[in-house]
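>>> What follows is a predicted protein model with its sequence.
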Amino acid sequence: MTAEIIMSLLILDDASKAPELFAKSANVYVNMAEANVNGHYTYVKNFNPEDLANFTQE
């Protein structure tokens, strides 16, 4: 999640300096990153400690 946020900030910085080159890419990437971050946030928020048993091999 952190990497996607940092990459979004970097492409937004590029888009602010050269919008003719990076504006469309920034729009696409930031929308995708937002969806991914929201998905990960929801997964972590709804995670139950009891679910940890599902991650171990017997």
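Cool, got the structure.

>>> Could you count how many residues lie near Lys45?
7 (other C-beta atoms under 10 Å). (Each C-beta comes from the backbone N, C-alpha and C, glycine too.)

>>> wait, I meant Ala26
That count, for Ala26 with other C-beta under 10 Å as the rule, works out to 19.

>>> in the helix or strand hosting it, what counts as buried?
Assigned by DSSP states H and E, Ala26 falls within helix 19-45. For helix 19-45, the neighbour count (16 or more other C-beta atoms under 10 Å) marks Phe22, Ala26, Tyr29, Val30, Ala33 as buried.

>>> gap between the nearest residue to the fourth one once chain neighbours are set aside and Ala15?
If you skip the residues right next to it in sequence, Val30 has Ser8 as its closest partner in space, 4.9 Å away by C-beta to C-beta, 6 or more residues apart in numbering. The span separating Ser8 from Ala15 equals 10 Å under the rule C-beta to C-beta, to the nearest Å.

>>> Over to Leu52?
As for Leu52, its distance to Ala15 is 41 Å (criterion: C-beta to C-beta).

>>> Mind checking which of these two has more residues around it?
Counted by other C-beta under 10 Å, Leu52 and Ala15 do not tie: Ala15 has more neighbours, with 19 against 9.

>>> And the more buried one, how far from Ala33?
Distance from Ala15 to Ala33, by C-beta to C-beta: 14 Å.

>>> Now find how far off-centre stretch 4-18 is within its chain.
In terms of C-alpha atoms, centre = their mean, to the nearest Å, the centre of stretch 4-18 is found 13 Å from the chain centre.
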